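Chemist: After the sequence you'll find the predicted model.
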Amino acid sequence: MNATSPELRNNISCCGSIDDFKHIVYPVAYLIIFVLGTAGHSLSVCFFFSQWRAQKSFTPVNLIMVNLLASDLMLVCSLPLKISYYLLDSYWPFGDITCRVLSLQFYLNMYSSIYFLVALNVLRYLALVWPYLYLRIQTHYCVGIVCCLIWLLIALAGIPLLFPERGNNGESSARCLELSSENMENLILINNVSFPLGFGVPLVVIIFCSVFVVKSLLRPSPAIGRPRPCRKKACALVIISLGIFLLCFLPYHVVRTIFLSAEKHVKMNEYRGSCHNLCVVRKAAVISHCLCIANSCLDPILFFFVGENFRKFSAKWMRRRKLQQEELQVL
């Protein structure tokens, strides 16, 4: 079908199946992420709360993980609203302000998660390659300041999302989480800035840290017979961090760039691809978006393997739960 035809510019005529596709994929994916994220983060909250109650402080690594946990919880708690929207056939009953906040909150979660992962990798790099500098950082408030700066800078960068351009369509107030043609130029500008700064630079930093961490891990360990615990955690951090970037963040940023470019050309009546290709791009955008949100239920895996004392706490918690179930069965 010719890209310049009116049918191509109309979602219903050209890619009518994309709405049905979204109404199936999004609720199912969001529900799975919500269940897994709630279960994993509930255990994480118990661990960090018990650590704070016992020590009244966090180690630098666990402080970053607490911020990562807060970011994930914001996203996980918003998923029931998004599920309701798609189950209600793209009807948004929660108000315009809530819609704008959710749009900001998604990007706030994604880029704060990216930079908290960068901070974790930098800390592990310093612990293995520059141990004396790492010990100095532990005695100051550097990590807390870094976490505050991450939140502040990403929140300031996302403010334009709170004030998107609105069309004159009377139905716009009842819709949310949809691409607005009136806001296309702003979204492309945001993407052109966020792709290199929000994804490209962090990925380069993580790869740089990972290379030197792996080189340090390949050196003979001073311990005889088994590697030091910090080496195991460093290895886990490298694998999990790169896995999250490659599985969740890389597909989203690549597909988002292609998707926005295609939609811009459709809007300007300059799209040269087929209707089928346009539908493929739009469906790929849906899938990559779900993969990106899935990072919020993968982070507890990072807590388990990298968090200090997290595995011991998890084992004790599981044993306690098992004993309680056995006592109930006896009663």
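Modeler: Received the coordinates, thanks. Numbering: from 1, shown residues only.

Chemist: Would you mind measuring the gap between the ends of stretch 161-178?
Modeler: 13 Å (C-alpha to C-alpha, to the nearest Å).

Chemist: low-scoring pLDDT stretches of this protein, where are they?
Modeler: 1-17, 139-140, 164-173, 220-230, 273, 307-331 (pLDDT under 70).

Chemist: Select the longest helix from it.
Modeler: In the chain, with assignment by DSSP state H, the single longest helix is helix 16-55.

Chemist: Could you list the buried residues of it?
Modeler: Neighbour counts over helix 16-55 (16 or more other C-beta atoms under 10 Å) mark 18, 21-23, 25-27, 29-30, 33-34, 36-37, 40-41, 43-44, 47-48, 51 as buried. Where C-beta positions appear, they are placed from N, C-alpha and C, glycine not excepted.

Chemist: For the very next helix or strand once past it, buried residues please.
Modeler: Going down the chain from helix 16-55, the next helix or strand is helix 60-87, by DSSP states H and E. Going by neighbour count (16+ other C-beta under 10 Å), the buried part of helix 60-87 is 60-76, 78-79, 81-83, 85-86.

Chemist: ok, now stretch 246-255?
Modeler: Buried residues in stretch 246-255 (16+ other C-beta under 10 Å): 248, 249, 250, 251, 252, 253, 255.

Chemist: Return the member of those nearest to residue 149.
Modeler: residue 249 (20.5 Å; C-beta to C-beta).

Chemist: Helices along the protein, start to end?
Modeler: 6-9, 11-14, 16-55, 60-87, 96-129, 131-138, 142-157, 184-194, 201-218, 229-244, 250-267, 275-293, 295-306, 310-330.

Chemist: Dump the ones you listed to TSV, plus distance to residue 174.
Modeler: Below are the helices of the chain laid out as TSV (distance: least, C-beta to C-beta, whole Å):
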stretch	distance to residue 174
helix 6-9	22
helix 11-14	16
helix 16-55	15
helix 60-87	10
helix 96-129	10
helix 131-138	50
helix 142-157	28
helix 184-194	21
helix 201-218	37
helix 229-244	35
helix 250-267	22
helix 275-293	21
helix 295-306	27
helix 310-330	44
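
Chemist: Out of the ones you listed, which is closest to residue 177?
Modeler: When the helices of the chain are compared (using C-beta to C-beta), the closest one is helix 60-87, at 6.2 Å.

Chemist: which secondary structure elements does that closest one contact?
Modeler: helix 16-55, helix 96-129, helix 142-157, helix 295-306 (3 or more C-beta pairs under 8 Å, 6 or more residues apart in numbering; DSSP states H and E).

Chemist: how much space is there between residue 234 and residue 301?
Modeler: Distance, residue 234 to residue 301, using C-beta to C-beta, to the nearest Å: 16 Å.

Chemist: Thanks a lot, catch you later.
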